[in-house]
Structures are given as C-alpha cells and as structure tokens.
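Asks: turn this into a model:
(one chain, ligands or ions: 1)
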Amino acid sequence: MKATVFLGAGRITGALAAGLRRAGDERTIIAYDRHAEKLRVLRRESRVGTARDLKSAVEQAEMLIVAVRPRSVKEMLAEVAACGVAPPKLCISLAAGVPLRNLRAWFGPPVRWVRAMPSPVCRIEKGLTPLCFGRRVSNADRARVRKFFEQVGPVLELREEQMDAITAAFSPSHGYHALARLAAAAQRAGLDRKTALIAAAHALADGIEYWRRSGQSLDELLHEAATPGGTAAATMAAMDESGYGRAVANGIWAGIRQARRNAS
Ligand SMILES: NC(=O)c1ccc[n+]([C@@H]2O[C@H](COP(=O)([O-])OP(=O)(O)OC[C@H]3O[C@@H](n4cnc5c(N)ncnc54)[C@H](OP(=O)(O)O)[C@@H]3O)[C@@H](O)[C@H]2O)c1
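Replies: Residues are numbered from 1 along each chain as shown. The predicted model follows:
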C-alpha cells in the first residue's frame, strides 16, 4: 500500500488532512510524529493512519511531505537517512524559508524537491498554496503536486526567490489580526464585542468578497465606499497619516527576515 506520508502531525498537517477528506480524497494518508496524542487526534478527525516508526512511514510513502518546523527539518531528514529505507523520489517541504539548496544538501538525488506553503484555510478547501519546483521535478510530478493541493484551494506557482515574500504576505493571520484590531477599536468607541466583530468582519470579509466578485478595481470600490469629505475618507486618511502603510510594510519585512533566518 502506497500512501501520502506526513512527517510531523502538527497544525498544518491537521488542516491539510481535514481539507483533503472534506474534498472527498479517500486515499491513504499516514502521519509520523513523536507525539502520540497528535496522531490520535488526526486518526479521529481525518482517518489518518499512524506509522509505528519512521522506517515504516517512509516505506509506505509514494509522496513524502515534510511538515516539521524549519529548525527541525535537517534533523528529521537525517533520521530518514539513518532509517535505511530509500524515500520516494518526490518529496515536498512545507518549511517556511528553507531553500531547495538546503533540502538537496540534506537529502539529494534521486529525491526531487518541491516547496509548498499551504494555508490553514485549506481546512475549508479555500487555502491558497504557493508552490515552487526544483529544476529536476518532471512535468508529470509537477502536475501531480498541483492536483494534490488544488483539492483544497487554488495553487500559485512562483520562483523560489518569491517564496519568502508570499509567505509573509498571504497568511490568513493578516485577516485575523486586522479583524482583532478593528473590532477592538470599534469596541473602545462604544460597540459591544459581538457588534464590533460583526462590523469589522463585514468591513474586511464582505468588502473583499465584493471586490473579488464585482471585477471592479480597488480605486473604483474606494470611490464608491468613501464619499469625499465623508467619514470613511476621514478614517482612511487618519490611518494613513498614523503610519498604516508603514506598519504593514514593517510587518511584511519582519516576516521575510524571519523566513530568511530559516535558510541558514
Ligand atoms: N501552521 C501553518 O499555518 C503553516 C502553513 C504553511 C507552512 N507551514 C510550515 O509547516 C511546518 C510545520 O508547521 P506546524 O505549524 O504544523 O508545526 P507544528 O504544529 O509544530 O508541527 C510539527 C510537528 O512535528 C513534530 N516533530 C518535529 N521534529 C520531529 C522529529 N524529528 N520526529 C518526530 N516528530 C517531530 C513536532 O514535535 P515537537 O513539537 O516536539 O517538535 C510537532 O508535533 C513548518 O515548517 C511551517 O513553516 C505551517
């Protein structure tokens, strides 16, 4: 039996497995992790099989997905090498910032590496997955990887030098962060918590959904929503004068620097 095998059964493995099952993918998924409780949760939630040890996990893999934190990838791959079983030729790393050259140095040919950066929103089949392929990945394997992630949302193929920027820019944490900040400000201005969250979610989620569906440009939508001299225009101007653009740019660069630290 050949399976998709996840090394690491943490947050993103849980989200991907749940999204795949929700999308109707009933193929075998196996996970390996040092925490038995995480494996039990995955089995219960998403019918993910448990490997009794790393060797048996690797033996069963037709596609191996490395889903440990960036600092653990080298150690994890050394453990795979030490277990004496050849990994499948197609391996995918989800580790933010860890470049293909490091992956190849830690586990070289015949393994062919792909980097993928799934979003936890894949749980509801709306997760965007940026992908970047190593040069030696065949067209058939590229198509296979695209198809795999497309089950849980759109896929975006990028050059490797763009991966850190998209990692910092596309995280749904931006949405949650903006929602939390906007709702807190609305609450301080007199709304109760529930109403503040309804207002902030409408401003962010419904506004952006309208942009997506309408096909109108952002300038057109801003023109429609912010009457010159009105409250929305005054709110945006004050936010910009207070450094809104700078704060967002600083946040993105901090994320990029953090991803780059994982490349060393
Ligand atoms: N979370 C996201 O939304 C997201 C999105 C895209 C990409 N990613 C990437 O996906 C990777 C995993 O992120 P995550 O948030 O899912 O991490 P996580 O929740 O910490 O899960 C990783 C799991 O792997 C285990 N592990 C690490 N090394 C191991 C080893 N040698 N043997 C057995 N188990 C081991 C960890 O155990 P310990 O805790 O004991 O180390 C942990 O249970 C990261 O590289 C991250 O950059 C995450």
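Asks: C-alpha only now, for contacts and for neighbours.
Replies: OK.
Asks: any weak-confidence spans in the stretch 151-264 of the chain?
Replies: Segments of the stretch 151-264 of the chain classed as low confidence (criterion: pLDDT under 70) are not present in this model.
Asks: just the helices in it please.
Replies: Assigned helices in the stretch 151-264 of the chain, in chain order: 163-169, 173-188, 193-201, 207-214, 218-225, 231-241, 244-261 (criterion: DSSP state H, counting those that start in this stretch).
Asks: pick the most deeply packed of those.
Replies: Greatest average neighbour count among the helices of the stretch 151-264 of the chain goes to helix 163-169 (a mean of 20), per mean count of other CA atoms under 10 Å.
Asks: tell me how far it lies from the chain's centre.
Replies: What separates the centre of helix 163-169 from the centre of its chain is 10 Å, taken as CA atoms, centre = their mean, to the nearest Å.
Asks: do you know how far the residue lying closest to Lys55 once chain neighbours are set aside is from Glu59?
Replies: What sits nearest to Lys55 in space, not counting adjacent residues and going by CA to CA, 6 or more residues apart in numbering, is Cys83, at 5.5 Å. For Cys83, the distance to Glu59 (CA to CA, to the nearest Å) stands at 10 Å.
Asks: can you give me the neighbour number for the residue nearest to Lys55?
Replies: Here the neighbour count serves as a burial measure; for Cys83 (other CA atoms under 10 Å) it reads 16.
Asks: isn't it up against Asp53?
Replies: No. Counting by CA atoms under 8 Å, Cys83 does not reach Asp53; the two are 9.6 Å apart.
Asks: need the strands for the stretch 51-200 of the chain, in chain order.
Replies: 61-66, 90-93, 112-116, 129-133, 155-157 (DSSP state E, counting those that start in this stretch).
Asks: pick the most buried one from the ones you listed.
Replies: Mean neighbour counts were compared across these using mean count of other CA under 10 Å; the top stretch is strand 112-116, at a mean of 25.
Asks: from the contact counts, what lies against that strand?
Replies: Counting contacts by 3 or more CA pairs under 8 Å, 6 or more residues apart in numbering; DSSP states H and E, strand 112-116 is packed against strand 90-93, helix 100-106, strand 129-133.
Asks: look up how far the ligand lies from Ala184.
Replies: 24 Å (CA to the nearest ligand atom, to the nearest Å).
Asks: so where do the helices sit in the stretch 1-150 of the chain?
Replies: Assigned helices in the stretch 1-150 of the chain, in chain order: 11-22, 36-46, 54-59, 73-82, 100-106, 139-150 (criterion: DSSP H, counting those that start in this stretch).
Asks: isn't Gly10 up against Arg40?
Replies: No. Counting by CA under 8 Å, Gly10 stays clear of Arg40, with 11.7 Å between them.
Asks: neighbour count winner among the two?
Replies: Gly10 (19 against 16).
Asks: tally of neighbours for the closest residue to that one other than its chain neighbours?
Replies: Counting by CA to CA, 6+ apart, the nearest residue to Gly10 once its immediate chain neighbours are dropped is Lys38, at 6.9 Å. As a burial measure, the neighbour count of Lys38 was computed by other CA under 10 Å and equals 18.
Asks: oh, and call the first residue 33 from now on, that's how I've got it
Replies: Taking 33 as the first residue, the last one we looked at is Lys70.
Asks: would you check how far apart Arg293 and Leu96 are?
Replies: Arg293 sits 24 Å away from Leu96, going by CA to CA.
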